[in-house]
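S.K.: Output the structure for:
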Amino acid sequence: MRKLALFLSMILFVGLQAMSAQTKAISGKVVDDLGEAIPGVSIIVKGTTIGTISRPDGTYNLNVPEDATAILFTFVGMEMQEVAYTGQTTINVTMKPDAISVDEVVVTALGISKEKKALGYASYSVSGDEVAESNSVNPMNALQGKVAGVQITSGANPGATQNVIIRGASSFGSNQP
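M.R.: Residues are numbered from 1 along each chain as shown. Coordinates of the predicted model:
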């Protein structure tokens, strides 16, 4: 009797797991607003850890639980798309570019990024307009005299490389940036 009860409870347990694990396969393609495929888009069932990424041709396949309510599509530089899931087997998505505002950041020694106002020392910046106003053919020559402590000299021959010295000849090691 005990073995029969154990056997029946195991069947019931396996049956309940099978019922709760029912999924539906969906597929589709992710493109940008120009119709070009986007590879590497993260596709996740909202509220779960179930997900996949799109292939190089923008297509994807995903097994979605039947109780799912939405599918999320995310990609860097694109607006997140949330598509309601109502049992459909194909979901094609067109992602739109996301305008990201970037604050001014200064990269210091060893690649450490800080906000400009958080620095304890002076930092210089040269805008693209200032470089364009110099009317120089070579952008490196256009930087000459724009930043204190940076000396840029050109070679004698046309097309020669520039020599850039930062903070004078007394620097430790090489003066090249």
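S.K.: Residue 39 belongs to a strand?
M.R.: No. Under DSSP: H, G, I helix; E, B strand; the rest coil, residue 39 falls outside any strand and is assigned coil.
S.K.: show me the residues around it that make contact.
M.R.: 53, 54, 55, 56, 57, 58 (CB atoms under 8 Å, 6 or more residues apart in numbering). Every C-beta, even on glycine, is put in place using the N, C-alpha and C of the backbone.
S.K.: Return the per-residue confidence for it.
M.R.: Confidence at residue 39, expressed as pLDDT, is 93.
S.K.: just for the protein, where's the confidence low?
M.R.: 1-21, 100-113, 116-118, 120-122, 156, 158-159, 168-177 (pLDDT under 70).
S.K.: can you pull out the strands in it?
M.R.: Ranges of strands in the chain, per DSSP state E, are 23-32, 42-45, 51-53, 59-65, 70-74, 81-84, 93-95, 105-107, 113-115, 150-154, 162-166.
S.K.: Which strands or helices does the first one pack on?
M.R.: So that's strand 23-32. strand 59-65, strand 93-95 (3 or more CB pairs under 8 Å, 6 or more residues apart in numbering; DSSP states H and E).
S.K.: So what touches that strand?
M.R.: Against strand 23-32 from outside (CB under 8 Å, 6+ apart): 37-38, 41, 43, 54, 57-66, 71, 73, 75, 78, 85, 87-97.
S.K.: Now render the strands of the chain as a markdown table, adding mean neighbour count and distance to residue 136.
M.R.: Shown next, in a markdown table, are those (neighbours: other CB atoms under 10 Å; distance: least, CB to CB, whole Å):
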| stretch | mean neighbour count | distance to residue 136 |
| --- | --- | --- |
| strand 23-32 | 17 | 37 |
| strand 42-45 | 20 | 44 |
| strand 51-53 | 14 | 45 |
| strand 59-65 | 17 | 48 |
| strand 70-74 | 18 | 43 |
| strand 81-84 | 15 | 45 |
| strand 93-95 | 18 | 40 |
| strand 105-107 | 11 | 25 |
| strand 113-115 | 10 | 30 |
| strand 150-154 | 15 | 10 |
| strand 162-166 | 14 | 11 |
